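Student: after the sequence you'll find the predicted model.
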Amino acid sequence: MNNVLKDDSFYKDVMGIEYLLKSNCSISEKPVVKSDRELLMDEVIKNISVCTKCVLSKGRTNVVPGEGNLYAELMFVGEGPGADEDEQGRPFVGKAGQLLTKMIEAMGYKREEVYIANIVKCRPPNNRAPFDEEAFTCINYLKEQIKIVNPKVIVCLGSTATKYLLSTDKKISLIRGEFQEYEGIKVMPTFHPSYLLRNQSMKKPAWEDLKKVMNILGKK
Ligand code: URA
């Protein structure tokens, strides 16, 4: 028996060793086995990628569905893609994204260990906030993503994420720092990284919010 296969206990578990022996395939030829979560998320992303339910789809270069660990205990929700995200099809890759990555790492996670998504998946023109009808339509994709990842905590970045996920009109400055709840999941609203780039003095209170999240997740 091929030694590589003999040691590959994950594959033995998933496919059954009989299958590998019969198929006589090498490790590089192994069929890809996707988990239920991966299959479900693939389906959501496929639907997002062809979505034309609102006008934002007309202006996009790429959809920005979200990315990260499908088994994440921590999820971040932003507002919507900016120019860099629209260009690359990935969330939070511009200046605000660099700060978000630093915040994630300061919390003791690698960026790829968390899941990151937005309220809307297509870039609003001139980076305006999404209109109600755009957010109400698109948030259904986010809700499906949350159901699949099922994180322990969601951090809502800024007022748009907080408004639409929690169905509240409370100002972010009033609601931030206190745990809220969405479908049994703890939600921490805090300032958006773009706001923090413009208001450096708010980094300290934002860090206090993130420390509360770390506490719940047993980090530090
Ligand atoms: N701002 C957001 O809210 N989301 C992104 O993906 C990038 C910037």
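Tutor: Ah, there it is. Residues are numbered from 1 along each chain as shown.
Student: every contact and neighbour count from this point should use C-alpha atoms.
Tutor: Fine.
Student: need the strands for this protein, in chain order.
Tutor: For the chain, applying DSSP state E gives strands covering 67-68, 74-78, 115-118, 153-157, 180-182, 185-190.
Student: ok, which of those strands comes nearest K58?
Tutor: Closest to K58 of those is strand 115-118 (Cα to Cα; 18.0 Å).
Student: report the angle between the axes of the helix ranked longest in the chain and strand 74-78?
Tutor: Ordering each helix of the chain by length in residues (DSSP state H) puts helix 132-149 first. Orientation of helix 132-149 against strand 74-78 (axes from the mean of the first three to the mean of the last three Cα atoms, to 10 degrees) gives an angle of 170 degrees.
Student: 53 is where my numbering starts, stick with that
Tutor: All right, first residue 53 from here; so that's helix 184-201.
Student: same question for helix 184-201, mean pLDDT?
Tutor: Helix 184-201 shows a mean pLDDT of 98.
Student: and it, what does it pack against?
Tutor: For helix 184-201, the packing partners by 3 or more Cα pairs under 8 Å, 6 or more residues apart in numbering; DSSP states H and E come out as helix 88-101, strand 167-170, helix 210-218.
Student: looking at these, which is buried most?
Tutor: Across the helices and strands packed on helix 184-201, averaging neighbours per residue (mean count of other Cα atoms under 10 Å) puts strand 167-170 on top, at a mean of 25.
Student: got the CA coordinates for stretch 149-168 in CSV?
Tutor: Extracted in CSV, the C-alpha atoms of stretch 149-168 (Å, rounded to 0.1, in the frame of the first residue of the first chain):
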residue,chain,number,x,y,z
GLY,A,149,-9.3,46.4,5.6
GLN,A,150,-5.7,46.8,6.6
LEU,A,151,-6.8,48.3,9.9
LEU,A,152,-9.5,45.5,10.3
THR,A,153,-6.7,42.9,9.8
LYS,A,154,-4.7,44.6,12.5
MET,A,155,-7.7,44.6,14.8
ILE,A,156,-8.3,40.9,14.2
GLU,A,157,-4.7,40.0,14.8
ALA,A,158,-4.6,42.1,18.0
MET,A,159,-7.5,40.0,19.2
GLY,A,160,-5.3,36.9,18.8
TYR,A,161,-6.7,35.6,15.5
LYS,A,162,-5.3,35.3,12.0
ARG,A,163,-7.5,36.9,9.4
GLU,A,164,-8.2,33.6,7.8
GLU,A,165,-9.5,32.2,11.1
VAL,A,166,-12.5,34.5,11.1
TYR,A,167,-15.3,35.1,8.6
ILE,A,168,-15.7,38.5,7.0
